[in-house]
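Undergrad: this one's structure only:
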């Protein structure tokens with residue numbers, strides 16, 4: 001099983017035999033079907049999902065604690081898969097991270113389903129909080145870890161907090177994908193953002209001489 005598939009699975013439940021995987025797949029697809037039919041997130045109940053999937057409610061509750069946890073799995077299923085970091089350099093890992101943001105932005109622009117789901121999440125605080133805690137936070141920590149490696153390797157200034165530096169990298173991509181839906185998302189955007197920031201965040205070689 002590819003590592004990227006494992007990363008996209010929630011820690012709340014475990015997949016078992018092929019039959020179990022097929023049942024879970026049918027449940028996830030049932031939620032997608034309801035959403036594609038225009039059923040609002042708030043109206044997608046466990047009872048309705050079970051009826052659509054042709055399973056009992058107990059089957060769903062054995063795999064997910066509630067519908068918020070199930071929805072997170074569905075969101076991971078319809079969003080582009082997070083790429084595995086190449087690990088060849090800090091620059092390459094930063095580009096891979098920002099490229100995944102760019103691709104998600106493109107997917108939300110082209111997928112009415114993704115667009116509508118994320119729009120509805122703004123008025124569904126429980127789901128938004130669960131998505132942030134299980135998905136967004138994991139991605140943020142990944143970025144902070146890359147920055148820390150860059151600081152340790154002497155490629156990024158050490159006088160700035162890693163969390164702040166990560167925000168500097170992620171910020172331009174979020175601005176273009178979230179706040180400016182009409183902004184261009186060129187293929188080389190991630191590389192251009194990373195190269196510009198790495199140049200500006202490089203340690204100052206003459207700092208000791210100025211002291």
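TA: That came through fine. For clarity, every value in this text was computed on a predicted model and none was experimentally measured. Numbering: from 1, shown residues only.

Undergrad: contacts and neighbour counts: CA atoms only from here.
TA: Will do.

Undergrad: secondary structure class for residue 183?
TA: Classification of residue 183 using DSSP: H, G, I helix; E, B strand; the rest coil returns coil.

Undergrad: what's near enough to touch it?
TA: 176, 177 (C-alpha atoms under 8 Å, 6 or more residues apart in numbering).

Undergrad: ok, now the one 10 residues further on?
TA: If a contact means C-alpha under 8 Å, 6+ apart, then residue 193 has 169, 172 as its contacts.

Undergrad: what about residue 108, how many residues nearby?
TA: 20 (other C-alpha atoms under 10 Å).

Undergrad: surely it meets residue 115?
TA: Yes. Under the criterion of C-alpha atoms under 8 Å, residue 108 makes contact with residue 115 at 5.1 Å.

Undergrad: show me where the chain has helices.
TA: 3-7, 18-36, 46-53, 57-61, 67-78, 90-110, 112-121, 125-131, 137-152, 162-174, 189-201, 207-210 (DSSP state H).

Undergrad: out of these, flag the one nearest residue 181.
TA: helix 90-110 (7.6 Å; C-alpha to C-alpha).

Undergrad: what angle sits between the closest one and helix 162-174?
TA: Compare the direction of helix 90-110 with that of helix 162-174 by axes from the mean of the first three to the mean of the last three C-alpha atoms, to 10 degrees and you get 40 degrees.

Undergrad: so what does helix 90-110 touch, helix or strand wise?
TA: helix 112-121, helix 137-152, helix 162-174, helix 189-201 (3 or more C-alpha pairs under 8 Å, 6 or more residues apart in numbering; DSSP states H and E).

Undergrad: the third one - what's its average pLDDT?
TA: Think helix 162-174. Mean per-residue pLDDT for helix 162-174: 97.

Undergrad: tell me which residues in it are buried?
TA: 162, 165, 166, 169, 170, 173, 174 (16 or more other C-alpha atoms under 10 Å).

Undergrad: before we move on, what about stretch 148-159?
TA: 148, 149, 150, 151, 155, 156, 157, 158.

Undergrad: the last one - nearest residue in space that isn't next to it in sequence?
TA: It refers to residue 158. residue 151 (5.6 Å; C-alpha to C-alpha, 6 or more residues apart in numbering).

Undergrad: my guess is that neighbour meets residue 157, correct?
TA: Yes. Using C-alpha under 8 Å, residue 151 is in contact with residue 157, at 6.1 Å.
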